[in-house]
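Colleague: fold the following and give me the result.
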Amino acid sequence: MAREFSFSSPKPSADITLPRASRSVVLMGLVTVLISMSVARLAQLQVLHGDDNRQRAEQNRLRPVPIISDRGNILDRNGKLLAANRLSRSVYLWPKEQPKQKWPQTAAKLSALLSVPASDILKTLEKAGYKSPMPVRVSRDLNSKAFLALAERSSEFPGVEIRAESNRNYPHGDLAAHVLGYIGEASEDDLQANPQYPMGMIVGKMGLERQINDKVAGVWGNRLVEVDATGSELRELGINPPIAGEPVQLTLDLDLQKTAEKALGNRRGGVVVLDVKTGAVLAMASGPKFNPNLFTGRITQADWLRLQAQDKPFLNRALQGYPPGSTFKIVTAAAGMESGKFPPKSVLVSSSSIRIGGIDFYEHGAGYGPIGFPDAFAYSSNTFFYQMGVAVGPEEMAKWAHRLGIGETTDLDLLGLDQGTHGSAPTPAEKQKLYDEGWYVGDTVTMAIGQGLVLVTPLEMAVMVAAIANGGYRVKPHLLASQTNTPATQPEPTGMKPETIATIRKGLIAVVQKGTAQQLNDGSIPLTAGKTGTAEVPGQEDNANYVAYGPVNDPQIAIGIVVENGGFGAVSAVPIAQEIFKTYFKTHK
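Modeller: From the prediction side, this is the model:
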C-alpha cells in the first residue's frame with residue numbers, strides 16, 4: 001500500500017521577526033541619529049566655539065612671548081639717579097610643554113637650583129593653568145651660579161626658559177628707602193583691579209614706587225614666534241615693542257639725603273629738610289632702614305622675618321608722632337603773643353619751680369630771674385612757658401599748633417607715602433572724646449612745654465619752624481618736583497603778626513648765639529636759628545629733638561629732627577643739623 005505524502009507550512013514560532021522593510025527603517029533611523037549628532041557636534045565646534053578652537057590651534061603653532069617694559073627712572077631734583085634699571089635674567093615656565101604629572105618632578109629639581117620652594121613653583125603653574133600657552137615667571141634676578149647650572153642641564157628641564165629682561169635697581173642701596181619704597185609682582189588683587197596687567201606684572205608695593213606706579217610702570221610688549229611640535233622657536237613673526245615708563249623727578253637733594261642719613265646713623269628716629277618757601281622736601285630720613293634691592297628678586301621667608309625683627313625698619317619715623325619737648329615752645333610763644341596777653345616785650349620771672357594747682361613744676365635749674373622771650377628761648381626756660389600756657393589755655397595753644405602745621409593741617413596725601421600719621425595737640429573736649437577723661441591743669445602745664453598729650457612728627461616740626469622762617473606761611477610738603485609752585489602746594493598764611501614772627505625769630509637766633517645750640521655758632525657755617533628739645537619717654541632714655549632754619553639773613557631750609565632715646569637735643573640732634581647745614585652751604589654760598 002503506497003504511503004500518501006502531504007505538504008503543509010510549518011507553524012510560526014514564538015519569536016517575531018520584523019519584515020525586511022521595517023528593519024531598513026530602524027537602521028536608517030540610527031544612521032540619521034548618528035549623522036545628526038556628528039553635524040550638531042561639528043556645528044558646536046565650528047559655529048559656537050569656532051573662534052576659540054581656531055585660537056587654540058593657532059596657539060599650538062604660534063607663541064606670544066611677553067617683553068617687560070623698563071620702569072621709568074626716578075631722579076633727584078638735580079637729575080641724579082635714585083632708581084633705575086639693569087639687565088637681569090629670569091626663569092620662565094611654559095606650562096604646556098610638560099604633562100601635568102611631570103611638573104612636580106621638574107619643580108623639585110628647580111627648587112634646589114633657584115632656592116624657590118617647589119610648592120611655590122607648582123602654585124604659580126596652577127594659577128596660570130597647566131594648559132596655558134603663556135609662560136609664567138617663577139624666579140627673578142637669577143644669579144650666575146644658578147644660570148650656569150640651568151644652562152648645563154637644559155635637557156632635564158623641558159618647558160623651562162631663561163630670559164634676559166629689565167629689573168629695578170636702586171644704585172644707592174638703602175638710601176631714601178622709605179621715600180622710594182620697593183617693587184614686586186602684582187598680587188591677585190592687583191590683577192583683578194587691573195585686567196590689562198599680564199601675569200608677572202611688576203608694580204610698586206610701597207612708597208613712591210606705589211604712588212607713581214601708573215606713570216613709571218610703562219606697558220609690556222610681546223613677540224609672536226612660530227614654534228614646532230617640541231616647542232622650539234622656528235622664527236619670529238612680529239613684535240609689539242614695550243613702552244618704557246616715564247621718568248619722574250623728585251624734590252629730594254641726593255647730597256642732603258646722604259648727609260641726613262649718615263648723620264642719623266643706625267639710630268631710631270627721623271629727619272626732614274624742607275625748602276621754607278615752597279615746601280619741597282629736600283631730604284627725608286628714617287632709621288633703621290631697609291634695602292629695596294632685596295625686593296627686586298625673590299624675597300625669602302627668612303629675609304622677611306629678619307626685616308621684621310629689626311626694630312620695624314619699614315616704619316617711616318619721619319612721619320610718626322613724638323613728644324616735641326621744648327621745640328613746642330614756638331607754638332606756646334605764638335599763642336601767648338597772638339592772644340594779646342603777652343606782648344613781644346613781655347617779661348616773666350623764672351624760678352627753680354612754680355606751683356600750679358597745688359603741684360610743683362620744675363625749671364632746669366635755679367631759674368633765670370626776670371626774662372623776656374629771647375632769653376626764654378635761649379635757655380629754654382620751662383617756668384616762663386608754664387606761666388604763659390596756663391594763662392592762654394589749651395584751646396589757644398591747640399589753635400596755633402594747627403595753624404603752624406601740627407595735625408591734619410599738614411596734608412600727607414601730597415606726599416603719597418605709606419604709614420604716615422598726624423601729630424596731635426588736643427583740646428579738653430578732644431581729650432574727653434578720645435580718652436573719656438577730663439582735662440587737668442597739669443595737662444595745660446605739660447602741653448606748654450611739648451609734653452603730655454602733644455605729639456608732633458619730624459615733618460610737622462619742619463613745617464612749624466618753616467613758618468617762622470618764611471614770614472608766617474604754612475608750607476605744604478611734597479616730593480614730586482612737578483608739584484612745586486602749583487596751586488595744590490601754595491603756602492597758606494597762618495595769620496601771625498609780623499611782630500610775633502620777629503620776636504620768635506630773635507629767640508631762635510639767641511638759642512644758637514648763646515643758648516642750648518651755640519655749638520652751631522662756631523664759624524663753620526653761616527648763622528642759623530633753632531630750638532632744642534628733650535622729651536621724656538617713660539622708662540627709657542629721653543628723645544632728642546631739634547628744629548632749625550637758616551641762614552638767618554635769608555632763610556632757605558628748615559629742619560626737623562627726632563632721635564629716639566638720644567638724650568639731650570643739644571647732644572644728639574643738633575650735630576645732625578650742623579652736618580646738614582654744612583652740606584647745604586657748601587653748594588649754596
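Colleague: so which residues of the stretch 451-589 of the chain form helices?
Modeller: Counting by DSSP state H, counting those that start in this stretch, residue ranges of the helices within the stretch 451-589 of the chain are 458-469, 498-513, 569-572, 574-587.
Colleague: highest average neighbour count across those helices?
Modeller: Ranked by mean neighbour count, those are led by helix 458-469 with a mean of 30 (mean count of other C-beta atoms under 10 Å). For every residue, glycine as well, the C-beta is placed using N, CA and C.
Colleague: quick one: distance of that helix to the chain centre.
Modeller: Centroid displacement of helix 458-469 relative to its chain, using C-alpha atoms, centre = their mean, to the nearest Å, is 23 Å.
Colleague: which strands or helices does that helix pack on?
Modeller: Under the contact criterion of 3 or more C-beta pairs under 8 Å, 6 or more residues apart in numbering; DSSP states H and E, helix 458-469 touches strand 269-275, helix 329-338, strand 473-474, helix 498-513, strand 529-535, strand 543-550, strand 557-563.
Colleague: out of these, which gets nearest to Gln519?
Modeller: Proximity to Gln519, assessed across these by C-beta to C-beta, is greatest for helix 498-513 (8.7 Å).
Colleague: just the C-alphas of that closest one, formatted as PDB.
Modeller: This file holds the C-alpha atoms of helix 498-513, laid out as PDB (Å, rounded to 0.1, in the frame of the first residue of the first chain):
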ATOM      1  CA  PRO A 498      54.900 140.400  61.900                       C
ATOM      2  CA  GLU A 499      56.000 141.300  65.400                       C
ATOM      3  CA  THR A 500      55.100 137.800  66.700                       C
ATOM      4  CA  ILE A 501      57.300 136.300  64.000                       C
ATOM      5  CA  ALA A 502      60.100 138.800  64.600                       C
ATOM      6  CA  THR A 503      60.100 138.000  68.300                       C
ATOM      7  CA  ILE A 504      60.200 134.200  67.900                       C
ATOM      8  CA  ARG A 505      63.000 134.600  65.300                       C
ATOM      9  CA  LYS A 506      65.000 136.600  67.900                       C
ATOM     10  CA  GLY A 507      64.500 133.800  70.400                       C
ATOM     11  CA  LEU A 508      65.600 131.100  67.900                       C
ATOM     12  CA  ILE A 509      68.700 133.100  66.900                       C
ATOM     13  CA  ALA A 510      69.600 133.500  70.600                       C
ATOM     14  CA  VAL A 511      69.400 129.700  71.000                       C
ATOM     15  CA  VAL A 512      72.300 129.400  68.600                       C
ATOM     16  CA  GLN A 513      74.200 132.600  69.600                       C
END
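Colleague: what angle do that helix and helix 329-338 make?
Modeller: 150 degrees (axes from the mean of the first three to the mean of the last three C-alpha atoms, to 10 degrees).
Colleague: circling back: can I get the helices of the stretch 451-589 of the chain in CSV with mean pLDDT and distance to Thr383?
Modeller: What follows is the helices of the stretch 451-589 of the chain, written out as CSV (pLDDT from 0 to 100; distance: least, C-beta to C-beta, whole Å):
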stretch, mean pLDDT, distance to Thr383
helix 458-469, 98, 23
helix 498-513, 98, 16
helix 569-572, 95, 19
helix 574-587, 97, 23
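Colleague: looks like Thr300 contacts Ser115 (just checking).
Modeller: Yes. Contact criterion C-beta atoms under 8 Å: Thr300 and Ser115 qualify, at 7.1 Å.
Colleague: worst-scoring helix or strand of this structure, pLDDT-wise?
Modeller: Least confident helix or strand of the chain, by mean pLDDT, DSSP states H and E, is helix 50-61 with a mean of 53.
Colleague: quick one: name whatever helix or strand follows that helix.
Modeller: Moving toward the C-terminus from helix 50-61, the next helix or strand (DSSP states H and E) is strand 62-67.
Colleague: in that next one, what counts as buried?
Modeller: Of all the residues in strand 62-67, those buried under the rule 16 or more other C-beta atoms under 10 Å are 63-67.
Colleague: in TSV, list these along with pLDDT.
Modeller: Shown next, in TSV, are the buried residues of strand 62-67 (pLDDT from 0 to 100):
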residue	pLDDT
Arg63	71
Pro64	74
Val65	74
Pro66	77
Ile67	82
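Colleague: and of those residues, the nearest to Pro195?
Modeller: Closest to Pro195, out of all of the buried residues of strand 62-67 and judged by C-beta to C-beta, is Pro66, at 15.4 Å.
Colleague: surely the closest one and Ile202 touch.
Modeller: No. Contact criterion C-beta under 8 Å: Pro66 and Ile202 do not qualify, at 11.6 Å.
Colleague: could you measure from the residue nearest to Val219 when sequence neighbours are not counted over to Gly72?
Modeller: Spatial nearest neighbour of Val219, chain neighbours left out: Ile243 (4.2 Å); criterion: C-beta to C-beta, 6 or more residues apart in numbering. Separation of Ile243 from Gly72 (C-beta to C-beta, to the nearest Å): 10 Å.
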